[in-house]
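In: fold the following and give me the result.
(chains A and B)
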There are 2 protein chains.
Amino acid sequence: MFRSITCLAGGVGAARFLEGLAKVLPPEKITVIVNTGDDLQYLGCHVSPDLDIVTYTLAGIVDKAKGWGIEGDTFGCMDQLGKYSAETWFRIGDKDFATHLLRTAYLQQGFNLSEVTEKIRNSLGVKVRILPMTDHMVATKIKTPKGILEFQEYFVKRKFQDRVEDVTYEGAARATPAPGVIPAIEKTDLIILCPSNPILSIGPILAIPDIRNSIAKTQAKIVGISPIVGGKAIKGPLDQMMESLGLEVSPYGVAQLYKGLMRGYVIDDMDRGIIPRITSLGMRVIATKTVMDSDEAKSKLAENTLKFAETIS
Amino acid sequence: MFRSITCLAGGVGAARFLEGLAKVLPPEKITVIVNTGDDLQYLGCHVSPDLDIVTYTLAGIVDKAKGWGIEGDTFGCMDQLGKYSAETWFRIGDKDFATHLLRTAYLQQGFNLSEVTEKIRNSLGVKVRILPMTDHMVATKIKTPKGILEFQEYFVKRKFQDRVEDVTYEGAARATPAPGVIPAIEKTDLIILCPSNPILSIGPILAIPDIRNSIAKTQAKIVGISPIVGGKAIKGPLDQMMESLGLEVSPYGVAQLYKGLMRGYVIDDMDRGIIPRITSLGMRVIATKTVMDSDEAKSKLAENTLKFAETIS
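Out: Numbering: from 1, shown residues only, chains lettered A, B, ... in the order given. Sure, this is the predicted structure:
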């Protein structure tokens, strides 16, 4: 049994996994460090997509079909913005806007992002501790043949159609971890790299030097769950992106990115065949069902991950 | 026939009158100078209640029952803000939020309020020219036994329950009129003081020195429509406020405030009896139906006002 667990997380896949984890463990034992490299300013509002996806999911109010936004939300504000000919490719629901308005107002009052995140998750009754990776500005930028794109421009506006030549995390080298991040890494038994995009979601977190260093030095076990099943990303642009960057589109390709860091890896049954290759990278591997297509599947994956983590050194 | 008409306006009463006026005249001939003393910041958004009431009404999208906000609007954002324990006494609909978000974003980009107002009314297809009284900050403050209150705190939060000891227009003495305001006063044939609160709506406009001076000097005819019928304000706190301030709660009390400025006054049939007293203030008066309880009544009042204005010197 682990005393505490710290997870590194992006958006939808991570949130679903965390939902399962919070059902098989007391949620107070869990800390999540969330990517903020996708954050954007929209009409003066500070939008933190991954923080919101994780928070809404753990609060039980996420739009389950989409994986983001608030269930049953309306789009009156966006519709009206369309009438004003404002840019509306980044769709924000009316209830969702409340989060961004409140966050922005708090930030303007001088609170930092981690304090605001704490207020919001407490208001929504979320017991899992949610930390942004940093209170500083880090922006994931995508180099494409069209030029360097803001992450959301690449992802939402252009629907990840562009070939990715490089990914950079602007500001990461100078960013310091948000309060609580380093203790959550140093004082935990187990670190889980959630089933998130290793380049777009976990990458920005590990690009912050103090986080990377403390993870490299921690005594905690480090396990990951593959976001790739049978050569395809469950959601989002990971497969195209890995291919563009010359990486193998498989759990092996992801494991290579975490080589030297991750000690155990949970992959899907479907990819059982490549276990020996991944093992050769110096990590333990189990294959199980990783597709979280039901609440039961989420809890089961969390349980299997914990059991597996117990067995590794 | 008037070449052009310039109206001074507050919120609901003025907007309804303007709706009628824009039906009996080509709307391009009409300029409205709107009170911004009620403007407020809510969660970082710049809200201009009177500008929005006038714009939405003339665009045909106002919530007719309430007189403000957008018809059929939802309140998802406000409901969610309530869950975050944010202050929600100032109710903003989801579509309405779009206006405030856009306005705020434009202001942050360096546009001034009059430019933003122009963009919004053009997007909504409004042909009447709408000008904020000033691009500067003017704040109507209400002195009460509870202390000095922000206007919306007095009006919306505390539902104008407090005795009014004084009303001041913070910033008015230093404010300059928005571009277009002075020409609209100097080059028009007719100025109409809309049926708005003389203290809270028309008062802030006239408190801007350059506006007051140009109205005092203009060759245009100046007529007003009483916002008081039978000793009561049609809407809002005018009657209680006039009483608190020791003014007579009647069209006569309002006319006293405009003495020396207004040359003709349109009052309700019900107040016909006080015509001689108002005439003694040095203005012409007609009595007609001023309660705008139908589209027909709005147009009729506009028509009667114009006919009356033709007859005065």
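
In: helices of the stretch 1-150 of chain A, start to end?
Out: A:12-24, A:49-59, A:76-83, A:94-109, A:113-123 (DSSP state H, counting those that start in this stretch).

In: report the closest residue of the stretch 201-313 of chain A relative to chain B.
Out: The nearest approach of the stretch 201-313 of chain A to chain B comes at A:Asp295, 23.3 Å away (Cβ to the nearest Cβ). C-betas here are computed from N, CA, C, even on glycine.

In: contacts only, for A:Asp39.
Out: Residues near A:Asp39 by Cβ atoms under 8 Å, 6 or more residues apart in numbering or on different chains: A:His46, A:Val47, A:Ser48, A:Pro49, A:Met137, A:Ala139.

In: before we move on, back to that, what's the most buried one of the helices of the stretch 1-150 of chain A?
Out: Neighbour counts averaged per stretch over the helices of the stretch 1-150 of chain A are highest for helix A:49-59, at a mean of 25; criterion: mean count of other Cβ atoms under 10 Å in any protein chain shown.

In: that helix near chain B at all?
Out: No. Judged by Cβ under 8 Å from any Cβ of the partner chain, helix A:49-59 stays clear of chain B, getting no closer than 9.6 Å.

In: can you list contacts of that helix?
Out: By Cβ under 8 Å, 6+ apart, helix A:49-59 touches A:9-12, A:14-16, A:18-19, A:22, A:27, A:32, A:34-36, A:38-40, A:62-63, A:67-70, A:96, A:99, A:117, A:120-121, A:124-128, A:130, A:132, A:152, A:201.

In: before we move on, back to that, how near is the residue of the stretch 201-313 of chain A closest to chain B to A:Lys23?
Out: Distance of A:Asp295 to A:Lys23, computed by Cβ to Cβ, to the nearest Å: 8 Å.

In: now swap in A:Ala287 and tell me
Out: 22 Å.

In: show me the strands in chain A, by range?
Out: A:5-9, A:30-34, A:40-42, A:45-47, A:129-132, A:139-144, A:147-150, A:166-170, A:190-193, A:221-225, A:228-229, A:232-233, A:264-268, A:284-288 (DSSP state E).

In: so which of these comes closest to B:Leu257?
Out: Closest approach to B:Leu257 among the strands of chain A is made by strand A:45-47 (42.0 Å; Cβ to Cβ).

In: what about that closest one, average pLDDT?
Out: For strand A:45-47, mean pLDDT is 97.

In: these two touch, right, A:Met231 and A:Asp239?
Out: Just so we're on the same page, residue A:231 is Gly rather than Met. Yes. Contact between A:Gly231 and A:Asp239 holds when scored by Cβ atoms under 8 Å: they sit 7.0 Å apart.

In: now do the lowest-mean-pLDDT helix or strand in chain A: everything it contacts.
Out: Least confident element among the helices and strands of chain A, by mean pLDDT, DSSP states H and E: strand A:232-233 (a mean of 84). Contacts with strand A:232-233, where a contact means Cβ under 8 Å, 6+ apart, come from A:Asn197, A:Pro227, A:Asp239, A:Val249.

In: just stretch A:237-249 next, same as before
Out: By Cβ under 8 Å, 6+ apart, the surrounding residues in contact with stretch A:237-249 are A:155, A:160, A:163-167, A:197-200, A:227-228, A:231-233, A:253-254, A:256-257.

In: these in helices, which ones?
Out: A:Gly253, A:Val254, A:Gln256, A:Leu257 (DSSP state H).

In: now the strands of chain A as TSV including distance to B:Leu301 and mean neighbour count?
Out: TSV is the format used below for the strands of chain A (distance: least, Cβ to Cβ, whole Å; neighbours: other Cβ atoms under 10 Å in any protein chain shown):
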stretch	distance to B:Leu301	mean neighbour count
strand A:5-9	62	26
strand A:30-34	59	26
strand A:40-42	43	16
strand A:45-47	42	22
strand A:129-132	57	24
strand A:139-144	56	21
strand A:147-150	53	14
strand A:166-170	60	17
strand A:190-193	70	26
strand A:221-225	70	24
strand A:228-229	70	22
strand A:232-233	65	16
strand A:264-268	73	23
strand A:284-288	76	19
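
In: least reliable of those strands by average pLDDT, please.
Out: strand A:232-233 has the lowest average pLDDT among these, namely a mean of 84.

In: just how off-centre is that strand within its chain?
Out: With Cα atoms, centre = their mean, to the nearest Å as the basis, strand A:232-233 stands 16 Å off its chain's centre.

In: what does stretch A:214-232 give?
Out: That offset, for stretch A:214-232, works out to 12 Å (Cα atoms, centre = their mean).

In: again, but for stretch A:253-264
Out: 17 Å.

In: mind exporting the C-alpha coordinates of it to CSV?
Out: Extracted in CSV, the C-alpha atoms of stretch A:253-264 (Å, rounded to 0.1, in the frame of the first residue of the first chain):
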residue,chain,number,x,y,z
GLY,A,253,8.2,4.7,-29.0
VAL,A,254,6.7,6.3,-25.9
ALA,A,255,8.8,4.2,-23.6
GLN,A,256,11.9,5.4,-25.4
LEU,A,257,11.0,9.0,-24.5
TYR,A,258,10.8,8.0,-20.8
LYS,A,259,13.9,5.8,-20.8
GLY,A,260,16.0,6.2,-17.6
LEU,A,261,13.1,7.8,-15.8
MET,A,262,10.3,5.3,-15.8
ARG,A,263,10.7,1.9,-14.1
GLY,A,264,7.5,0.2,-14.9
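
In: who are the contact partners of the closest residue to A:Ala309 other than its chain neighbours?
Out: Spatial nearest neighbour of A:Ala309, chain neighbours left out: A:Val223 (4.9 Å); criterion: Cβ to Cβ, 6 or more residues apart in numbering or on different chains. A:Val223 is in contact with A:190-193, A:262-266, A:305, A:308-309, A:312, counting by Cβ under 8 Å, 6+ apart.

In: which residues sit in contact with the residue in the stretch 151-300 of chain A that chain B sits nearest to?
Out: Closest to chain B within the stretch 151-300 of chain A is A:Gln152: 16.4 Å, counting by Cβ to the nearest Cβ. By Cβ under 8 Å, 6+ apart, the contact list for A:Gln152 reads A:Asp38, A:Leu40, A:Pro49, A:Phe90.

In: all good on my end, thank you.
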